[in-house]
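Trainee: Next input, structure requested:
(one chain, ligands or ions: 1)
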Amino acid sequence: MSLKGKRVVIIGGTSGIGLSTARAFLDQSAQVIIASRSAAKLSAAKKALGDQVDIFELDFRNEEMVADVFNKIGKFDHLVITAGEITTGRFSDLPISDAKESFENKFWGQYITVRAAVPYLNNASSITMTSGGYAKGATTLEAVNSAVEGLVRGLAVDLAPVRVNVVSPGMVDTPLFSGMPEELRQESFSKAAQHLPVGRVGKPEDIAQSYVYLAENGFTTGTVVTINGGAHLG
Ligand SMILES: NC(=O)c1ccc[n+]([C@@H]2O[C@H](COP(=O)([O-])OP(=O)(O)OC[C@H]3O[C@@H](n4cnc5c(N)ncnc54)[C@H](OP(=O)(O)O)[C@@H]3O)[C@@H](O)[C@H]2O)c1
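Mentor: Residues are numbered from 1 along each chain as shown. Purely as a prediction, here's the structure:
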């Protein structure tokens, strides 16, 4: 299925995996629309991607804001959601409010977005959400990502013939880690790389290709595409 001229909305398209995914869809001559909270990130992304990209300020946890943005965008073809923040920590140490906030953000944000987007999609449309791999000691992360993957399986049936899939990335070098001191960040990446058969952590473009594949492939629905450099093997 060609993506030429198709309207693709990427929630979280201003940074990391989402920004790279926006580039990958532009390479397929799609019309790309990106949304996230920060006006500064939106204008930087527009500068990086080009003037043909439309931008919308949106917090995907806010039902009214999400409904308003989709109303402004109107009919479109493919939805990608890469937005999502999770607070991690050991089960007994992480405050329950942080665990709940992680669901509020990554699970409910994606749920609210899909619910609001459905009226604007068509029978050939796709929705691709984002989960993530298990990290030792990160029980909340595993719980939220499992919930997202369960939601995708249900929606693939409920919303058919619209196709619904999820991408599960392993560790990827993105601004998600920008809060860490540089030395610690590099140390975590090289430690993680040693345990991966591919010998390195991911780059956003490694993951971006999967969102394009899932939008293009009309026979794929209800699946989890795992791209983690072989993390599940060891
Ligand atoms: N990087 C990894 O190692 C890794 C591993 C596994 C899974 N993942 C998952 O992959 C996805 C993308 O991660 P990334 O590494 O690309 O992160 P990132 O570089 O921090 O990008 C996150 C994007 O989501 C947007 N966003 C965050 N909260 C939002 C909200 N409430 N409403 C709207 N937009 C929001 C951010 O923009 P604003 O700040 O402007 O809102 C930004 O554009 C996330 O779901 C993450 O959990 C990442």
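Trainee: Tell me which residues of the worst-scoring helix or strand of the chain on mean pLDDT come out buried.
Mentor: Lowest by mean pLDDT, DSSP states H and E among the helices and strands of the chain is helix 182-194, with a mean of 94. Residues Phe189, Ala192 are the ones in helix 182-194 that count as buried (16 or more other Cβ atoms under 10 Å). Quick note: C-beta positions are derived from backbone N, CA and C, even for glycine.
Trainee: go on, stretch 81-88?
Mentor: Ile81, Thr82, Ala83, Gly84, Ile86, Thr87, Thr88.
Trainee: Stretch 171-181 too?
Mentor: Buried, per 16+ other Cβ under 10 Å, within stretch 171-181: Met171, Val172, Asp173, Thr174, Phe177.
Trainee: which of those are close to the ligand?
Mentor: Applying Cβ under 6 Å from any ligand atom, the subset of these adjacent to the ligand comprises Met171, Val172, Thr174.
Trainee: Save those residues as a markdown table, and put in secondary structure and pLDDT too.
Mentor: Output for those, formatted as a markdown table (DSSP: H, G, I helix; E, B strand; the rest coil; pLDDT from 0 to 100):
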| residue | secondary structure | pLDDT |
| --- | --- | --- |
| Met171 | coil | 95 |
| Val172 | strand | 97 |
| Thr174 | coil | 96 |
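Trainee: tell me which element Thr113 falls in.
Mentor: Assigned by DSSP states H and E, Thr113 falls within helix 108-117.
Trainee: Not counting its own residues, what contacts that helix?
Mentor: For helix 108-117, the surrounding residues in contact (Cβ atoms under 8 Å, 6 or more residues apart in numbering) are 9, 11, 60-63, 66-67, 70, 79, 81, 83-84, 127, 129-130, 148, 151, 155, 164.
Trainee: What's the mean pLDDT across that helix?
Mentor: Averaged across helix 108-117, pLDDT comes to 98.
Trainee: ok, is the least confident helix or strand of the chain in contact with the ligand or not?
Mentor: No: Helix 182-194 lies apart from the ligand when judged by Cβ under 6 Å from any ligand atom; the minimum separation is 9.1 Å.
Trainee: what comes up buried for the helix or strand following that helix?
Mentor: With elements assigned by DSSP H and E, the helix or strand that comes after helix 182-194 is helix 204-216. Neighbour counts over helix 204-216 (16+ other Cβ under 10 Å) mark Pro204, Asp206, Ile207, Ala208, Gln209, Ser210, Tyr211, Val212, Leu214, Ala215 as buried.
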